[in-house]
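S.K.: A structural model of the following input is requested.
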Amino acid sequence: MPSAPLEPPEVFWVRGAVGWLELANPQEALAELAGAPKSVQGHPDALEVCWQALSELKDWPQALKAARQLITTAPERATGYINQSFALHEMRQTREALVCLLPHSGRFPEVGVIPYNLACYACQLNDLETARHWLVRASKILGQGDTKIMVLKDPDLTPLRPMVRDW
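M.R.: Residues are numbered from 1 along each chain as shown. Next up, the predicted model:
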């Protein structure tokens, strides 16, 4: 069952944290959330903002904790699984990132970042055939043009750049 949306005044803690992120100050975003009531801190919206701040700080172990808490509190949100696998990948646990995200590709078929990230992980594990498969799937959701731009900028997908140059 999805979590109920936060209402005023609780929502203002999360909005404040988002504001700090928009000002490129993830430390203050985390401080804002830390000052919120526990019920707000554990809300999925707050956990997503917390993960974003931690990722900007490149605090991957804490980001992984936030992602896993998000999975526990809101398993219906794709972001928990995406964030978990991304944190694992950044912690050089790419195989585990792929294994953790793979089961959710069918569960969230409209979320293009899932096959895109699976392509990244497979590519980094030198499984280029699988990476190509996921990249084609991502392009069907995200659009070829947007996917091409992303691939040409993403160092994780360098071996697949020749594939998208002709798109």
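
S.K.: what ranges does the chain have for its helices?
M.R.: Secondary structure of the chain by DSSP state H: the helices cover 11-22, 26-34, 38-41, 44-56, 60-73, 78-90, 94-101, 113-124, 128-142, 144-153, 161-165.

S.K.: which residues touch the third one?
M.R.: Yep, that's helix 38-41 we're talking about. Outside helix 38-41, the residues within contact range by C-beta atoms under 8 Å, 6 or more residues apart in numbering are 6, 10, 13, 14, 33, 34, 46, 50. For the C-beta atoms, the positions are set from N, CA and C on the backbone; glycine is no exception.

S.K.: so for that helix, mean pLDDT?
M.R.: Mean pLDDT, helix 38-41: 94.

S.K.: quick one: buried residues of it?
M.R.: If you call a residue buried by 16 or more other C-beta atoms under 10 Å, then helix 38-41 has these buried ones: 40, 41.

S.K.: about what we covered before: now compare the contacts of helix 38-41 and name the two farthest from each other.
M.R.: Spanning the widest gap among the contacts of helix 38-41 are 6 and 34, at 16.4 Å by C-beta to C-beta.

S.K.: okay, those two: which has more neighbours?
M.R.: Between residue 6 and residue 34, counting by other C-beta atoms under 10 Å, residue 6 is the more crowded of the two (19 against 11).

S.K.: now that one: how far from residue 21?
M.R.: Distance of residue 6 to residue 21, given as C-beta to C-beta, to the nearest Å: 17 Å.
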